[in-house]
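[1] Just a sequence and a predicted model for now, questions to come.
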Amino acid sequence: MLPFDGEPPDVLDQAVDQIRRRFGKSALTRAVLIGRDPGVEMPRLPD
């Protein structure tokens, strides 16, 4: 469970940034998008 009480919001932002740097942008998905059809996506060049 994420520590939402008592921790500054920057701590959560830093954790998300570290996960994305280490595992890529697709490592985290917004809960509202889970199970949805992504539809047609444009191909992207790597960052």
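    It's in. All figures in this text were calculated on a predicted structure; none of them were measured in a lab. Numbering: from 1, shown residues only.
[2] in the chain, what spans have low per-residue confidence?
    Applying pLDDT under 70 to the chain flags residues 1-8.
[3] Torsion angles phi and psi at the residue positioned nearest the centre of it?
    When the chain is reduced to its mean C-alpha position, the nearest residue by CA atoms, centre = their mean turns out to be Leu28, at 3.3 Å. Leu28 has phi and psi values of phi -120, psi 140 when expressed as degrees, to the nearest 10.
[4] Check whether it really touches Gln18, as I assumed.
    No. Taking contact to mean CB atoms under 8 Å, the distance of 10.8 Å between Leu28 and Gln18 leaves them out of contact. Every C-beta, even on glycine, is put in place using the N, C-alpha and C of the backbone.
[5] can you list residues touching both of those two?
    Counting by CB atoms under 8 Å, 6 or more residues apart in numbering, no residue touches both Leu28 and Gln18.
[6] What ranges does the protein have for its helices?
    All helices of the chain, identified by DSSP state H, fall at 9-23.
[7] which non-adjacent residue is nearest the residue nearest to the centre of the chain?
    Ile19 (5.9 Å; CB to CB, 6 or more residues apart in numbering).
[8] since we're on that neighbour, how many residues are nearby?
    Under the neighbour criterion other CB atoms under 10 Å, Ile19 is assigned a count of 13.
[9] Kindly report the same for the one 10 residues further on.
    Here the number of neighbours of Thr29 (other CB under 10 Å) works out to 11.
[10] now Arg30
    Here the number of neighbours of Arg30 (other CB under 10 Å) works out to 7.
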